[in-house]
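Visitor: predicted model, plus sequence, below.
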Amino acid sequence: MGIFKKIVSGLAKTRQNIANSVGNVFKAFSKVDEELFEELEEALILADCGVVASTQIVEKLRQKVKSEKLSDPEDVRSAMIEIIAQTMGEAASDTDRQIPYPAVILVIGVNGVGKTTTIGKLATNFVAGGSNVVLAAADTFRAAAIDQLEVWAGRANCTIIKHQENSDPAAVVFDACVAAKSRQADVLIVDTAGRLHNKKNLMAELEKISRVVNREFPNTHRETFLVLDATTGQNALSQAKTFSEIADITGIVLTKLDGTAKGGIVLAIAAELDIPVRYIGVGEGQDDLQPFDANAFAKGLFFDNTDE
């Protein structure tokens, strides 16, 4: 299945949600007036796009309709899709495919969002592209996280560095850096504990890990990916805001989009946070973590016909 087809399939529930709200607005109006704009804004908010994003999109749509003298609701819908793609494109990046090597990717996020699975799929993607990958099981507070990451390392055919449960995460990262250098690894991906309830401790832990990497694996490109669960809707946005206070996040990975009608949260993230969306999860398969494509995503929100 091609990337666009995967995205279209994965956004089925979100598309139905938006179709039931935004789509019905266009069906109900035969002319373009202020009432149409007000109904569209409300519909976008109800579709989990967030107040800020919905307001921005509709305001840009007003300006576009005025400047281009659009009078057909269908033309307005096409214009809105274009604006949504632009909005998400401003928070999207294709640099995930061109990460300079060697690189260290720190993966953060609360427990339950699919963080460890995301790391496994990222490793699979990198290895499939010919990269040499090392995984660091630095979420030492959950034995299940270590075991799960080991399973993924086996699937991806990459090296994993792990210690016993409750070991010092920084010690794991130290050994992983040594292993990455000796194996001339292209990418070192570090799993971390998702203990957001104590921000001070988590910040101290991330800073300690960063110091270890700076000392033991210098001159590497750095990324910090925040993993969010799309099914939590606006709560995912709250998590992103909180994590951005304690870490320099360079990209967001949005998981479980195929299992939710709240995919509009991508728009909220794009509008309210200056952080690029790097990957989206549109299925449970090993290859269902897709690089984020703003245009494909915007079309996937409205069309189920891959010829569109």
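Guide: Right, received. Where do you want to start?
Visitor: could you use CA atoms for every contact and neighbour count after this?
Guide: Fine.
Visitor: show me what counts as buried in the helix or strand hosting Ser244.
Guide: In the assignment (DSSP states H and E), Ser244 maps to helix 234-246. For helix 234-246, the neighbour count (16 or more other CA atoms under 10 Å) marks 234, 236-237, 239-240, 243, 246 as buried.
Visitor: the closest residue to Phe174 other than its chain neighbours in helix, strand or coil?
Guide: Excluding its sequence neighbours, the residue lying closest to Phe174 (CA to CA, 6 or more residues apart in numbering) is Val212, at 6.1 Å. Three-state assignment for Val212 (DSSP: H, G, I helix; E, B strand; the rest coil): helix.
Visitor: now for Pro215, how many residues are close by?
Guide: Just so we're on the same page, residue 215 is Arg rather than Pro. Here the number of neighbours of Arg215 (other CA atoms under 10 Å) works out to 11.
Visitor: OK, contacts around the residue nearest to Phe174?
Guide: 170, 173-174 (CA atoms under 8 Å, 6 or more residues apart in numbering).
Visitor: now render those as JSON lines, adding pLDDT and secondary structure.
Guide: Supplementary listing: these in JSON lines, determined by pLDDT from 0 to 100; DSSP: H, G, I helix; E, B strand; the rest coil:
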{"residue": "Ala170", "pLDDT": "95", "secondary structure": "helix"}
{"residue": "Val173", "pLDDT": "97", "secondary structure": "helix"}
{"residue": "Phe174", "pLDDT": "98", "secondary structure": "helix"}
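Visitor: now the stretch 1-150 of the chain, which segments are flagged as low pLDDT?
Guide: Filtered on pLDDT under 70, the stretch 1-150 of the chain yields the residue ranges 1-20, 89-97.
Visitor: tell me where it has strands.
Guide: Taking DSSP state E, counting those that start in this stretch as the test, the strands found in the stretch 1-150 of the chain are 103-108, 133-137.
Visitor: packing partners of the first one?
Guide: Which is strand 103-108. Counting contacts by 3 or more CA pairs under 8 Å, 6 or more residues apart in numbering; DSSP states H and E, strand 103-108 packs against helix 115-128, strand 187-191, strand 221-229.
Visitor: elements contacting the shortest one?
Guide: Contact analysis of strand 187-191 by 3+ CA pairs under 8 Å, 6+ apart lists strand 103-108, helix 115-128, strand 133-137, helix 169-182 as its packing neighbours.
Visitor: which one of the ones you listed has the most crowded surroundings?
Guide: By mean neighbour count, with neighbours taken as mean count of other CA atoms under 10 Å, strand 133-137 ranks first of the helices and strands packed on strand 187-191 at a mean of 28.
Visitor: can I get that strand in PDB? Just the C-alpha atoms.
Guide: Once non-C-alpha atoms are left out, strand 133-137 reads as follows in PDB (Å, rounded to 0.1, in the frame of the first residue of the first chain):
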ATOM      1  CA  VAL A 133      21.300   1.700  14.500                       C
ATOM      2  CA  VAL A 134      21.900   1.300  18.200                       C
ATOM      3  CA  LEU A 135      19.100   1.400  20.700                       C
ATOM      4  CA  ALA A 136      19.500   2.500  24.400                       C
ATOM      5  CA  ALA A 137      16.900   1.100  26.800                       C
END
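Visitor: neighbouring strands - and their directions - for that strand?
Guide: Take DSSP bridges as the rule and strand 133-137 pairs in its sheet with strand 159-161 (parallel), strand 187-191 (parallel).
Visitor: now do the same contact list for the residue most central in space within the chain.
Guide: Nearest residue to the geometric centre of the chain (CA atoms, centre = their mean): Val253, 2.2 Å. By CA under 8 Å, 6+ apart, the residues touching Val253 are 225-228, 277-281.
Visitor: repeat that for 10 Å
Guide: Val253 makes contacts with 107, 109, 114-115, 118, 225-230, 276-281, 289-292, as judged by CA atoms under 10 Å, 6 or more residues apart in numbering.
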